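Visitor: what shape does this take:
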Amino acid sequence: MSEHLTVVDHPLVQHKLTLMRDKGTSTAVFRQLLREITLLLAYEVTREMSLTTRHIETPMEEMDAPILAGKKLALVSILRAGNGMLDGVLELIPSARVGFVGLYRDEQTLEPVQYYFKAPEGLKDRLVIAVDPMLATGNSSAAAIDLLKQAGAADIRFLCLLAAPEGVARMKEAHPDVKIVTAALDRELNSKGYIMPGLGDAGDRMFGTK
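Guide: Down below sits the predicted model:
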């Protein structure tokens, strides 16, 4: 645990993650668990959101009560696997604006190739949370953050399910200002760039493709 990386060790998060890692878990259950675990992780990643006060009247009396400050949060899915995490965050913050970054990993070079980018306006005034279940090599994630910064984003956090030490190091080097929140820091990447022990390909398991 560092200022750059937060591993959420809440018992419910760890329990759900174990069920997701199990190769016997069905696509439908995997998807449901991902939504549930993301909601719990979203609670942590939004912990430092700015508050202001609003004057309201309760059934008992008037008061100045805390309320979120500034523009609506922007949630950015790193396609395609990031889409599985959108529902969990939107359940907690239904008013969030949503954007998408399309990147695929070149199988030979393992480098990210961009094919789509659509973000909400006014990113510089919003807290931006980028979501992708796996932080593996960190190349795609760093490239996605590059695009968001080019679009004006200044306050960015990265939310993932699993992280590899290599990916955390890559992100810290490329974007030391971006905090990472994850459910687990796994052991290493294998020669194909998959997280070990991991849970396989999150996109394939979520969408039932293989």
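
Visitor: what's the single longest strand in the chain?
Guide: Looking across the chain with DSSP state E, the single longest strand is strand 97-105.

Visitor: state the paired neighbours of it in the sheet, together with their directions.
Guide: strand 74-79 (parallel), strand 112-118 (antiparallel) (DSSP bridges).

Visitor: quick check: mean pLDDT across that strand?
Guide: For strand 97-105, mean pLDDT rounds to 89.

Visitor: any stretches of the chain with poor pLDDT?
Guide: When residues are selected by pLDDT under 70, those of the chain lie in 1-2, 110, 210.

Visitor: the top helix by length along it: how far from the chain's middle?
Guide: The residue-count maximum for a helix in the chain (DSSP state H) belongs to helix 27-45. Between the centre of helix 27-45 and the centre of its chain there are 11 Å (C-alpha atoms, centre = their mean, to the nearest Å).

Visitor: do the same with stretch 96-114
Guide: 14 Å.

Visitor: quick one: residues in contact with that stretch.
Guide: With contacts defined as C-beta atoms under 8 Å, 6 or more residues apart in numbering, stretch 96-114 is touched by 72-80, 82, 86, 89-90, 115-120, 126, 130, 137, 139-140, 143-144, 147-148, 193. Where you see a C-beta, it was placed from the backbone N, CA and C, and this is true even at glycine.

Visitor: so how do I select the buried members of these in ChimeraX?
Guide: Buried members of the contacts of stretch 96-114 can be picked out in ChimeraX with the line below, counting by 16 or more other C-beta atoms under 10 Å:
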select :72,73,74,75,76,77,78,79,80,82,86,89,90,117,119,120,126,130,137,139,140,143,144,147,148,193
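
Visitor: and Gly200, what does it touch?
Guide: Lys23, Tyr194.
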